[in-house]
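A.B. asks: structure of the sequence below:
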Amino acid sequence: MKILHLDTNNSLLINQLNDFGFENEEDYTSSKSDIEAKIHLYDGIIIRSRFSIDKPFLEKATNLKFIGRVGAGLENIDCDFATSKKIHLIAAPEGNRNAVGEHTLGMLLSLFNKLNKANSEVKNGIWQREQNRGIELDGKTVGIIGYGNMGKSFAKKLKGFDVEVICYDIKPNVGDENCKQVSLAELQEKATVVSLHTPQTPVTKKMISESFINKFHHNFWLLNTARGSAVVTTDLVKALQSGKILGAGLDVLEYEKTSFENFFSDENIPEAFQYLINAENVILTPHIAGWTLESHEKLAQTIVDKIKNIFIKN
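C.D. replies: This is a model prediction of the structure:
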């Protein structure tokens, strides 16, 4: 098979596919239209987030047998149309779930202990102890929305703390020894920390809105290492200003485009995002929750293993 690589990845991916006898070509710079003009020549595509694989693109991919997405989700692919063409869709949520779990916990502990604020102050010659008094995680109720690979990883990281961990998911019977599955209403009744681990779907887009937030019984802390589209940023800011949301750790933003590079090239930064930048109780990271040295390798290996399992007979 002939495979086109559209984004750079860990070198083991191409090396191992070469060892399997596949022909690998790399094109990291051509425009989407130029790729479309030659895509009929390839049996497989490996991509991260360079551009969307939509229906017009897939209609030109007459020989395509699989699309490998070196990441957790497939939202940049027209999955329904690809499936109708019997194209295998291969993602790698197993590859970065541990990284996401650790990053989410790190954000939470940093928020609770005001680590970013205190660090910045000390480096600027300000020594304030009482103003940086933290709170402890023990005794809190952590509500996880979306209990797949990432949600399960975060719940596992919380095992060392004296916390109640509950989750809501549209799929039944996903709870485990680390987390009790509950209704959305019960999660909104109990949670004092809310962590999002949902894929991007029509159901999850703009899910965290003013009406959704106001259904929570307690004021709460919000973590989002899933997809930025899940949170209405203006509503988040209102909730931060009112104190309904006590603080937020955001690895993803509503304003992200399909490709995450050059995010700040637009001079018209939204007012709500400007608030987040300046808020002391908000931590922002550039979509790196699953972006570790280890996950870089594990993501690639997961894709290789799945391609091997589908196309290479033992």
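
A.B. asks: show the pLDDT at the spatially closest residue to E256 that is not a sequence neighbour.
C.D. replies: Leaving aside its chain neighbours, E256 sits nearest to G228 (4.9 Å; criterion: CB to CB, 6 or more residues apart in numbering). Where C-beta positions appear, they are placed from N, C-alpha and C, glycine not excepted. pLDDT for G228: 94.

A.B. asks: all helices for the stretch 101-250 of the chain, in order.
C.D. replies: 115-123, 149-157, 184-190, 210-214, 233-242 (DSSP state H, counting those that start in this stretch).

A.B. asks: most tightly surrounded among those?
C.D. replies: helix 149-157 (a mean of 23; mean count of other CB atoms under 10 Å).

A.B. asks: which strands or helices does it pack on?
C.D. replies: In terms of contacts (3 or more CB pairs under 8 Å, 6 or more residues apart in numbering; DSSP states H and E), helix 149-157 is packed against helix 93-112, strand 141-145, strand 164-168.

A.B. asks: adding mean neighbour count and distance to H5, write these out as CSV.
C.D. replies: Shown next, in CSV, are the helices and strands packed on helix 149-157 (neighbours: other CB atoms under 10 Å; distance: least, CB to CB, whole Å):
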stretch, mean neighbour count, distance to H5
helix 93-112, 22, 17
strand 141-145, 25, 34
strand 164-168, 22, 36
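
A.B. asks: closest one to T29 among the ones you listed?
C.D. replies: Closest of the helices and strands packed on helix 149-157 to T29 is helix 93-112, at 25.3 Å (criterion: CB to CB).

A.B. asks: excluding its backbone neighbours, what's nearest N281?
C.D. replies: Using CB to CB, 6+ apart, the closest residue to N281 is G247 (3.6 Å).

A.B. asks: give me the low-pLDDT residue ranges for the stretch 201-314 of the chain?
C.D. replies: 258-267, 314 (pLDDT under 70).

A.B. asks: now with 50?
C.D. replies: Residues of the stretch 201-314 of the chain meeting the criterion pLDDT under 50: 259.

A.B. asks: would you map the strands across it?
C.D. replies: 220-224, 245-250, 282-284 (DSSP state E, counting those that start in this stretch).

A.B. asks: go ahead and flag the most central residue of the chain.
C.D. replies: Centroid-nearest residue in the chain, with CA atoms, centre = their mean: A226, separated by 3.3 Å.

A.B. asks: how many neighbouring residues does the residue nearest to it when sequence neighbours are not counted have?
C.D. replies: Spatial nearest neighbour of A226, chain neighbours left out: L196 (4.5 Å); criterion: CB to CB, 6+ apart. Neighbours of L196 under the rule other CB atoms under 10 Å: 25.
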